[in-house]
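Peer 1: Provide a 3D model corresponding to the input given below.
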Amino acid sequence: MWNCGSQLCALNYQTADWPMQVNQGRFLMNGMCGYVLQPDCIWSEGYSPFDKRSVKVDPMTISVTVIGARHLMRPKQKLGNPFVEIEIVGLDCDNNKWKTLSTQMNGLNPVWSKQTTDFDIHCPDLALIRFVVNDEDTFGEPKFLGQATFPVKCLRTGYRSVPLKNEYSEPLELSALLVHVDIRNPQEEDNDIYSCLQDLQDQREDLSSRIAELELNGDLRQAQQVRQVLQETEATIVKKNQERQHRKKVT
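Peer 2: This next block holds a predicted model:
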């Protein structure tokens with residue numbers, strides 16, 4: 001609702017959940033000292049949170065490398081296989097999620113072998129980045145260990161220690177992630193791959209909408225055919241992202 005221009009949003013402060021954690025992160029921009037000014041893009045003529053072409057700001061690409069963590073705790077239970085999930089929360093076109101592989105039975109100082117991901121963000125002014133550490137139990141179910149949410153515009157490049165918080169956004173003593181952050185303008189460095197990825201992502205959104213429409217109309221056979229095209233498109237996106245990361249390592 002904040003991204004739609006709302007100046008007051010109703011939240012359930014009695015429940016420690018995703019909306020409350022994201023809301024807490026949004027107001028870190030001014031150190032939790034009061035109002036946060038809406039960015040200029042919201043006030044521009046023709047702005048729509050559902051149309052990325054209406055957002056007149058420079059895009060941003062964030063590369064995040066998850067290196068390790070320390071002092072991960074799960075009260076009264078033995079820690080299993082922790083993993084990290086990184087989420088971008090912003091406009092619909094920017095919402096994205098990625099997770100590392102799980103480590104083996106290590107909560108004191110787990111290491112993730114420098115697993116890296118890229119996030120393309122059309123409107124950094126409205127985007128948040130959320131780190132979540134979960135523990136994969138013996139049944140493969142994720143169990144919450146800690147989280148941290150920040151405005152994307154507050155990120156800085158380099159090696160960063162991310163202090164973790166509990167469900168109520170209260171600090172977890174000594175618990176932290178070690179990550180490396182790289183921020184760049186994709187239009188300046190890898191415009192060819194960036195443009196290709198944007199076209200593929202637009203195609204993925206169109207195909208997903210088409211599948212939902214076909215299933216709603218009961219045309220399951222056609223929906224399955226479109227789903228196959230969607231899988232091929234997603235595979236191409238993965239391939240292009242790998243090509244992009246390889247090019248970045250070479251340069």
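
Peer 1: Would you map the helices across the stretch 151-251 of the chain?
Peer 2: 186-189, 191-216, 220-250 (DSSP state H, counting those that start in this stretch).

Peer 1: And stretch 223-237, how far out from the chain middle?
Peer 2: Stretch 223-237 sits 22 Å away from the centroid of its parent chain (CA atoms, centre = their mean, to the nearest Å).

Peer 1: what does the average pLDDT come to for that stretch?
Peer 2: Confidence over stretch 223-237 (mean pLDDT, whole number) is 92.

Peer 1: in the protein, what secondary structure element scores lowest on mean pLDDT?
Peer 2: Every helix and strand of the chain was ranked by mean pLDDT, DSSP states H and E. The lowest is helix 186-189, at a mean of 70.

Peer 1: With distance to L28 and mean neighbour count added, can I get the helices of the stretch 151-251 of the chain in JSON lines?
Peer 2: (Each C-beta comes from the backbone N, C-alpha and C, glycine too.) Converted to JSON lines, the helices of the stretch 151-251 of the chain look like this (distance: least, CB to CB, whole Å; neighbours: other CB atoms under 10 Å):
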{"stretch": "helix 186-189", "distance to L28": "25", "mean neighbour count": "14"}
{"stretch": "helix 191-216", "distance to L28": "28", "mean neighbour count": "14"}
{"stretch": "helix 220-250", "distance to L28": "29", "mean neighbour count": "13"}
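
Peer 1: Show the contacting residues for L174.
Peer 2: By CB atoms under 8 Å, 6 or more residues apart in numbering, the residues touching L174 are R70, H71.

Peer 1: how much space is there between it and V226?
Peer 2: 49 Å (CB to CB, to the nearest Å).

Peer 1: And for G218?
Peer 2: Counting by CB to CB - G218 and V226 are separated by 14 Å.

Peer 1: for S113, same thing?
Peer 2: Where V226 is concerned, S113 sits at a distance of 37 Å (CB to CB).

Peer 1: can you check E243 too?
Peer 2: For E243 relative to V226 (CB to CB), the value is 26 Å.

Peer 1: who wins for proximity to G80 among the helices of the stretch 151-251 of the chain?
Peer 2: Closest to G80 of the helices of the stretch 151-251 of the chain is helix 220-250 (CB to CB; 27.5 Å).

Peer 1: from the chain's centre, how far out does the closest one sit?
Peer 2: With CA atoms, centre = their mean, you get 18 Å for helix 220-250.

Peer 1: Walk me through the domains of this protein.
Peer 2: 2-185, 190-250 (automatic domain parsing).

Peer 1: Which stretch among the ones you listed is buried most, on average?
Peer 2: domain 2-185 (a mean of 16; mean count of other CB atoms under 10 Å).
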